[in-house]
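1. Predicted model and sequence below, questions to follow.
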2 protein chains.
Amino acid sequence: MNATRLETLSEHACFGGRQGFYRHASSATGTAMRFALYTPPQAASGVVPVLWFLSGLTATEENFAIKAGAQRVAAELGLALVVPDTSPRGPDVPGDRDGNPDFGQGAGFYVDATEAPFAVNYRMYTYVTRELPAVIGAAFPVDLARQAISGHSMGGHGALTIALRNPGRFASVSAFAPIVAPAAVPWGQKALAGYLGADRARWRDHDACALIEDGHRVRELLVDQGTADPFLDAQLQPERLERACRSAAIPLQLRRQEGYDHGYYFVASFIEDHLRWHHARLTAPGAPI
Amino acid sequence: MNATRLETLSEHACFGGRQGFYRHASSATGTAMRFALYTPPQAASGVVPVLWFLSGLTATEENFAIKAGAQRVAAELGLALVVPDTSPRGPDVPGDRDGNPDFGQGAGFYVDATEAPFAVNYRMYTYVTRELPAVIGAAFPVDLARQAISGHSMGGHGALTIALRNPGRFASVSAFAPIVAPAAVPWGQKALAGYLGADRARWRDHDACALIEDGHRVRELLVDQGTADPFLDAQLQPERLERACRSAAIPLQLRRQEGYDHGYYFVASFIEDHLRWHHARLTAPGAPI
């Protein structure tokens, strides 16, 4: 990746650091991709650890930067925050035939599609796990030996599956209201069938509960889930993750937050806890996940 | 005002309190008006003081609630946050003939218009200073004997002018990148001429520097201003407020924040300081402004 091809869309002073928005030509997706990166004040004098935050359905790289209020704590702790977009975009990128927001543009589900017409552009797994780390590592003072990952809803699914499939890469993984078993719920079934085809055996690599059943492991998990989340019963079903973690002896801290819904007022209320939790693990001696 | 006519658009658990969005039929503007109200956890057991936040050009009641991250500190301090919309809205409400965002819908400038066709609906001064306080006082556990006011850009102008014209009402007033002398700058000249007519003598009641020159007083002021604000020289000119306050012996804490621009990454970075500053004055014994 030639770092000079990175285009700065805007940069804003923020809590002593800098909230930036950038664009680059992605070889993974074949499109121009945007991402957000917060660099804390500590990045002025050296490399800093980085927290990935993967966003949910319909979100772009902007939502978390605008709504979560995470920069304040990231500035205190010296954490970079990187937020990819949620899919390839553009007039030539296929989407949902009926224009629904749960498939296609804004709903990449962090997989590499194998099915036409999506396989050409919908390669978000490769983009997030291979291309974008190289891009930010070349252009910004981030330490790729110290990474953590979190996400919200579809992005919680992304964080959990990417951490489970990449042992040793992340010091810690957490999620807000994640889709923990996409193969078992309507959002995930539509996405995985559309991107990966009808053979459900191929879905297991993109289903956190199935990955755990199949022997993949993380050291521990922190998950927040609002009890007033309108998607709780039909799409999220955190009890499936509880069962999988219990069977696999993975310590899961699942916090049911009374009265909270699915939106960013929920994420903002608890993001500080997650950043401090990740920071403790990023700075602890010893092995990653 | 019949509080039963208040329509709840949405409510969200947020930092142990509740971020709500409401709509009501306004007699001041003759339109349906929306506002945002954050009630902190302390409101469950009694009335709480209230901070008004007036927003800038193009904003609605949503921007501050979504972008400033103020609820965290409001929850800690036990402050309600009320954010009005910035103008009347609707297909029958006149706006800028050329569709510019600096006049008309989204740009009410917190005045009562006297000029046709704006005088019918553009009565934001009456709405913010008389109608909306009665609405929230009747419907929510807020203590109208303990009010403070702040705002951003056009809303900073609103906060300063409303505090100067209503001695005794607010314990404290602050602003982010305010328009301090609208009669002297293009945004304000367009708005005041359009809403109030060509007679500049009638503009003075809606110009913070002119109000101070004419003898209006507040006890003290806190103002943050980014040095990288693209509107600094043409529209904001904080040195005019410095001169007016010096002449009037009003203590002004004008903090020039190095490298910050005009947006919400700037507001979010310093809102905690403002909330703590207001809270100290709301809870101090003694007289208001």
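-> Yep, that arrived. In this text, all values refer to a predicted model and were calculated from it rather than measured experimentally.
2. Go ahead and name everything in contact with the host helix or strand of A:Ser269.
-> Using DSSP states H and E, A:Ser269 sits within helix A:264-282. Helix A:264-282 is contacted by residues A:49, A:51, A:63-64, A:67-70, A:72-74, A:77, A:79, A:146-148, A:150, A:152, A:171-172, A:174, A:176-177, A:222, A:224, A:226, A:229, A:255, A:257, A:260, B:12-16, B:19, B:66, B:69, B:71-72 when judged by C-beta atoms under 8 Å, 6 or more residues apart in numbering or on different chains. Every residue, glycine included, has its C-beta placed from N, CA and C.
3. Just the buried residues of those residues.
-> For the contacts of helix A:264-282, a neighbour count by 16 or more other C-beta atoms under 10 Å in any protein chain shown gives the buried set as A:49, A:51, A:63-64, A:67-70, A:72-74, A:77, A:79, A:146-148, A:150, A:152, A:171-172, A:174, A:176-177, A:222, A:224, A:226, A:229, A:257, A:260, B:12-16, B:19, B:66, B:69, B:71-72.
4. Mind checking which of these are in strands?
-> A:49, A:51, A:146-148, A:150, A:171-172, A:174, A:176, A:222, A:224, A:226, A:257, B:12-14, B:19 (DSSP state E).
5. at contact distance from chain B, anything in stretch A:220-234?
-> Yes - Stretch A:220-234 is in contact with chain B by C-beta under 8 Å from any C-beta of the partner chain, via A:226, A:228.
6. Go through that stretch and flag the buried ones.
-> Those would be A:221-226, A:229, A:231-232, for stretch A:220-234 by 16+ other C-beta under 10 Å.
7. I'd like those laid out as CSV, including pLDDT.
-> CSV is the format used below for the buried residues of stretch A:220-234 (pLDDT from 0 to 100):
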residue, pLDDT
A:Leu221, 98
A:Leu222, 98
A:Val223, 98
A:Asp224, 98
A:Gln225, 98
A:Gly226, 98
A:Asp229, 98
A:Phe231, 98
A:Leu232, 98
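8. Out of those, which is nearest to B:Leu164?
-> Checking the buried residues of stretch A:220-234 against B:Leu164 by C-beta to C-beta gives A:Gly226 as the nearest, at 42.9 Å.
9. residues from the stretch 51-200 of chain A in reach of chain B?
-> So far as C-beta under 8 Å from any C-beta goes, the stretch 51-200 of chain A lies against chain B at A:66-67, A:69, A:71-72.
10. Pick out the residue in the stretch 51-200 of chain A sitting closest to chain B.
-> Closest to chain B within the stretch 51-200 of chain A is A:Gly69: 3.4 Å, counting by C-beta to the nearest C-beta.
11. Distance of that residue relative to B:Leu77?
-> 16 Å (C-beta to C-beta, to the nearest Å).
12. again, but for A:Arg97
-> When distance is defined by C-beta to C-beta, A:Arg97 is 50 Å away from B:Leu77.
13. What ranges in the stretch 151-289 of chain A fall below the confidence cut-off?
-> A:286-289 (pLDDT under 70).
14. Which parts of it are helices?
-> For the stretch 151-289 of chain A, the helices defined by DSSP state H, counting those that start in this stretch occupy A:154-165, A:186-196, A:208-213, A:238-248, A:264-282.
15. Remind me what the first one packs against, helices and strands.
-> In other words, helix A:154-165. Judged by 3 or more C-beta pairs under 8 Å, 6 or more residues apart in numbering or on different chains; DSSP states H and E, helix A:154-165 is in contact with strand A:48-54, strand A:142-151, strand A:170-176, helix A:208-213.
16. can you give me the angle it makes with helix A:186-196?
-> Per axes from the mean of the first three to the mean of the last three C-alpha atoms, to 10 degrees, the angle that helix A:154-165 makes with helix A:186-196 is 60 degrees.
17. Buried residues of helix A:154-165, list them for me.
-> Residues of helix A:154-165 classed as buried by neighbour count (16+ other C-beta under 10 Å): A:154-164.
18. quick one: the most far-flung residue of chain A relative to its centre from A:His278, how far?
-> Among the C-alpha atoms of chain A, the one most distant from their mean position (C-alpha atoms, centre = their mean) is that of A:Ser45, at 27.4 Å. A:Ser45 is 21 Å from A:His278, where distance means C-beta to C-beta.
19. try A:Ala284
-> According to C-beta to C-beta, A:Ala284 and A:His278 sit 11 Å apart.
20. Common neighbours of the two, please.
-> A:Ala171.
21. When the two are compared, which one has more neighbours?
-> A:His278 (25 against 11; other C-beta atoms under 10 Å in any protein chain shown).
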